[in-house]
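Asks: the sequence and its predicted three-dimensional model are supplied below.
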Amino acid sequence: MDGVDMAMGQVEQKQRAVPPQENLTRIGATDFESYVKLGEILKDQLHEIFARFDSVPQKGMQVLDFGCGIGRVTFPVAETYGAKIFACDVDPTAIKYVQENSDRIEAFVSNYDPPLPFEDSTLDVVYANSVWTHFPQDAETMWLKEMRRITKPGARLFLSVAARETLKAHQARGLDDGVTLDLLEEKGFIFIENMAHDKNNPERWPGVTHEYGLTRHSHDYIRNTWSKYFRIVDIVEAGSGRQDVIVLENIK
């Protein structure tokens, strides 16, 4: 696999237990089998992008899965690469599940706001699947700055966003929240708060203490705004399911 320093076979893996149904429901999984299957698909897509941009995690590297949830992608990543894998999420119930089901992943609960418990310039690779798809603009900016702080010069980041392909997929399924391709290009950044979200209901929304909703980005917005913090290496359309993957490099 493109010179990957493989962990599988070298480290005995725990047999994953079935996550609680409420955790599966939060990530849109109908059952354990679909959760595992999609995780493998997303990991394979991520590997292709890692390889394309010469960023395949190797032994001695430190990698962060930011917003890991119940480890849908984290588990197959940890089983594939020899790098040190960190994972964090605001949901303590999700982190408890990850901790109980892997000896290779160093998982911890993070706050909705920075900072993370890393020294400056610690990480070689960061990936985040369907995290920047939910941030309001102030949270997006805070976390981009934090990602710049904790990553090494030359580090690569792979952050998925909802852009044109996601919007087209939603429209094809008959989902209409008033956002059109033209409006997205005009505005650049559109955040629609989930009206069912209640930050005061920790059982339904564990760890989500501020606004939470659906965020869409135009490519021009990404290039013009995110370039304040990173070099925009590329934008891979539909690189993670229907979400685009923004490939960034820390050039501090």
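Replies: Received it, and whenever you're ready, just let me know what you need.
Asks: now the strands for the stretch 1-150 of the chain?
Replies: 62-66, 84-89, 105-109, 123-128 (DSSP state E, counting those that start in this stretch).
Asks: now these in JSON lines, with distance to residue 193 and mean neighbour count?
Replies: Every C-beta, even on glycine, is put in place using the N, C-alpha and C of the backbone. Below are the strands of the stretch 1-150 of the chain laid out as JSON lines (distance: least, C-beta to C-beta, whole Å; neighbours: other C-beta atoms under 10 Å):
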{"stretch": "strand 62-66", "distance to residue 193": "21", "mean neighbour count": "24"}
{"stretch": "strand 84-89", "distance to residue 193": "20", "mean neighbour count": "24"}
{"stretch": "strand 105-109", "distance to residue 193": "24", "mean neighbour count": "19"}
{"stretch": "strand 123-128", "distance to residue 193": "20", "mean neighbour count": "23"}
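Asks: will you turn those strands into a markdown table that also has mean pLDDT and distance to residue 241?
Replies: Output for those, formatted as a markdown table (pLDDT from 0 to 100; distance: least, C-beta to C-beta, whole Å):
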| stretch | mean pLDDT | distance to residue 241 |
| --- | --- | --- |
| strand 62-66 | 98 | 16 |
| strand 84-89 | 98 | 19 |
| strand 105-109 | 98 | 22 |
| strand 123-128 | 98 | 14 |
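Asks: now distance to residue 52 too, for the ones you listed, in CSV please.
Replies: Formatted as CSV, the strands of the stretch 1-150 of the chain follow (distance: least, C-beta to C-beta, whole Å):
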stretch, distance to residue 52
strand 62-66, 17
strand 84-89, 21
strand 105-109, 25
strand 123-128, 14
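Asks: the residue nearest in space to the middle of the chain and residue 176: what is the separation?
Replies: The chain has residue 128 as the residue nearest its centroid, 1.8 Å off, counting by C-alpha atoms, centre = their mean. For residue 128, the distance to residue 176 equals 27 Å [C-beta to C-beta, to the nearest Å].
Asks: repeat that for residue 30.
Replies: For residue 30, the distance to residue 176 - C-beta to C-beta - is 24 Å.
Asks: likewise for residue 218?
Replies: 19 Å.
Asks: check contacts around residue 32.
Replies: By C-beta atoms under 8 Å, 6 or more residues apart in numbering, residue 32 lies in contact with 18-19, 24.
Asks: tally of neighbours for residue 112?
Replies: A count of nearby residues for residue 112, using other C-beta atoms under 10 Å, gives 16.
Asks: pretty sure it sits against residue 205.
Replies: No. Look at residue 112 against residue 205 with C-beta atoms under 8 Å: they stay out of range, at 10.5 Å.
Asks: correct me, but residue 74 touches residue 99?
Replies: No. Residue 74 lies out of contact with residue 99 (C-beta under 8 Å); the separation is 11.2 Å.
Asks: find residues that contact each of these two.
Replies: 105, 107.
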